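Undergrad: Would you be able to build a 3D model of this:
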Amino acid sequence: MKSFGIITAMEEEISDLKNMIDVEKIIESAKIKFYVGKIDFDKKIILVKSGIGKVNMAACAQHLIDKFNIDVLINIGVGGAINDKLTVGDLVIAKDLVQYDFDLSAFKHPIGFIPDIEKKFFDADKKILELAKKFYSEQEKNTDNKNNMYFGRIASGDRFVCDQKDKDFIKNNFSADCVEMEGATAAQVGFLNNIPFAVIRVISDSANSNAVANYNQSVDSVTKNYLKLIEYVIKNY
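TA: Next up is the predicted model:
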């Protein structure tokens, strides 16, 4: 039976997912609650909320891998639009990810480059990307589908980006499409453990001076936009 580890950072991001799976038990470990259940009879799900930020995500992802021996790691949540073509409610599927605040430029390394593993960008699982593309092509036939899906680069850092200068920095230095606070660390943990991973974000804000207002207005509603995609990917993986 394939086992999928699904991590979110916040309660707003996990609440609808709990209702999507048949939760069989809740295991508490390392002060974290892991919801163990299934989608269909042959897909095991371990759903968990890590808490906000890169350290919380890395610790939770590694614990998830070690304790539950998962086959696939998926990080889901909300993010800010760096690419101005994106609007609130749009889905962003990471082709790759980078930590925009990992900075060893004093030692002549590019910002985001991690010398211990000789990497700057972490490539997402190709099978999940293909399934997401197939899902979207089928959804396009439905005239009620109002939100776009974009495949691009996600940048992560321990800061809620709500300033145009920060947004421009991330755009100009990393060619990122979306910014958030956890995905690249989930990607790095997946890479180090040789676990296929994917990071999916729904746009909650504009990552500029309007970001806080955008986020407060949208966060409780936009998270529903990724439910059908997640269900499709897991059932067809």
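
Undergrad: what sits opposite the residue nearest the centre of the chain in the beta ladder?
TA: Residue closest to the mean C-alpha point of the chain, counted by C-alpha atoms, centre = their mean, is residue 199 at 3.3 Å. Taking DSSP bridges, one obtains residue 75 as the residues bridged to residue 199.

Undergrad: which regions of the protein lie under the pLDDT threshold?
TA: Scanning the chain for pLDDT under 70 picks out the ranges 140-146.

Undergrad: Can I get the host helix or strand of residue 25 in CSV, CA atoms only?
TA: Residue 25 is part of strand 22-29, with elements assigned from DSSP states H and E. Extracted C-alpha coordinates of strand 22-29, given in CSV (Å, rounded to 0.1, in the frame of the first residue of the first chain):
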residue,chain,number,x,y,z
ASP,A,22,-11.1,8.6,6.5
VAL,A,23,-9.1,9.2,9.7
GLU,A,24,-8.5,5.9,11.5
LYS,A,25,-6.4,7.1,14.4
ILE,A,26,-4.4,10.1,15.7
ILE,A,27,-0.9,9.6,16.9
GLU,A,28,0.9,12.2,18.9
SER,A,29,4.6,12.3,18.7
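
Undergrad: how about the strands of this structure, start to end?
TA: Taking DSSP state E as the criterion, the chain carries its strands at 2-8, 22-29, 32-39, 43-49, 72-81, 91-99, 122-123, 149-156, 178-180, 197-205.

Undergrad: Would you reformat those strands as JSON lines and include distance to residue 230?
TA: C-beta here means a position set from N, CA and C on the backbone, and glycine is covered the same way. Converted to JSON lines, those look like this (distance: least, C-beta to C-beta, whole Å):
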{"stretch": "strand 2-8", "distance to residue 230": "7"}
{"stretch": "strand 22-29", "distance to residue 230": "15"}
{"stretch": "strand 32-39", "distance to residue 230": "9"}
{"stretch": "strand 43-49", "distance to residue 230": "10"}
{"stretch": "strand 72-81", "distance to residue 230": "7"}
{"stretch": "strand 91-99", "distance to residue 230": "10"}
{"stretch": "strand 122-123", "distance to residue 230": "20"}
{"stretch": "strand 149-156", "distance to residue 230": "13"}
{"stretch": "strand 178-180", "distance to residue 230": "17"}
{"stretch": "strand 197-205", "distance to residue 230": "7"}
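
Undergrad: quick one: which of those is nearest residue 191?
TA: The minimum distance between residue 191 and the strands of the chain falls on strand 122-123, with 5.3 Å, by C-beta to C-beta.

Undergrad: Parallel or antiparallel, list what pairs with the closest one.
TA: strand 91-99 (antiparallel).

Undergrad: now the angle from the strand it pairs with to strand 72-81?
TA: The directions of strand 91-99 and strand 72-81 differ by 100 degrees, with axes from the mean of the first three to the mean of the last three C-alpha atoms, to 10 degrees as the criterion.

Undergrad: For residue 161, give me its contacts.
TA: Neighbouring residues of residue 161 by C-beta atoms under 8 Å, 6 or more residues apart in numbering: 80, 167, 170, 179, 207, 211.

Undergrad: Just list whatever residues bridge to the closest residue to residue 188 other than its chain neighbours.
TA: Of all residues not flanking residue 188 in the chain, residue 122 sits nearest, at 5.9 Å (C-beta to C-beta, 6 or more residues apart in numbering). The partner list for residue 122 in beta bridges (DSSP bridges) reads residue 97.
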